[in-house]
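K.L.:
Pasted the sequence and its predicted model underneath.
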Amino acid sequence: MRLQVLGIGKLKAGPEKTLADEYRTRLEGLGRKAGITKLTVTDFAESQGQTASQRRAEEAKLLIGSLAPKAFTLVLDERGKPFTSTAFSQLLQRHLDQGTHDLAFLIGGPDGHSADTRKHAGQLISLSEMTWPHRLVRIMLLEQIYRAVTIMVNHPYHRS
């Protein structure tokens, strides 16, 4: 299965980018053992639209336009379903078992996702009921994907 992480907001050089790259590298190495053949992380600049609805619409076009054909989309949204790390791992395992070829995670910008993006979602998921900056969300998501993979391959990183 191939994973895409598509996010609004560019990560600049600094501690956040370093940490995101570290989890990405770890995930690429261990992910193959779990059946994850490729990980793509793509950042997009925030829209400069005049209104929040314009910005959400422009960002939706970027995100949806960058999806792999027939990708199952998991949209990170405060209205989404929360998961424990184990349940999140089981979600990824289910997609692997069902033969999902492409699984995409969509991270919105400061104004959140458009209604179109949420409608396009295979599932809305939440990392927290709190609102987090895109730089931290990217790191948190990559860490949770890595943690899910460690659970799947019985690696000692995740301890219950």
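P.N.:
Okay, I see it. Numbering: from 1, shown residues only.
K.L.:
quick one: low-confidence ranges for this protein?
P.N.:
Applying pLDDT under 70 to the chain flags residues 160.
K.L.:
what about the helices in it?
P.N.:
All helices of the chain, identified by DSSP state H, fall at 15-34, 52-65, 85-97, 115-120, 134-152.
K.L.:
Quick check: which of those is buried the most?
P.N.:
Each of the helices of the chain was scored by mean neighbour count; the highest is helix 134-152, a mean of 21, by mean count of other Cβ atoms under 10 Å. The C-beta positions use only the backbone N, C-alpha and C, and glycine is treated the same way.
K.L.:
Touching it from outside, list them.
P.N.:
Identification of contacts with helix 134-152 by Cβ atoms under 8 Å, 6 or more residues apart in numbering yields 3, 5, 7-9, 11, 16, 19-20, 23-24, 26-27, 30-31, 33-34, 36, 41, 43, 76, 85-86, 88-89, 91-93, 105, 107-110, 127, 132, 155-158.
K.L.:
Find out how far the strand ranked longest in the chain is from the centre of the chain, if you would.
P.N.:
Longest strand in the chain by number of residues (criterion: DSSP state E): strand 72-82. Distance of strand 72-82 from its chain centroid, counting by Cα atoms, centre = their mean, to the nearest Å, is 9 Å.
K.L.:
Against which helices or strands is it packed?
P.N.:
Judged by 3 or more Cβ pairs under 8 Å, 6 or more residues apart in numbering; DSSP states H and E, strand 72-82 is in contact with strand 102-107, helix 115-120, strand 123-126.
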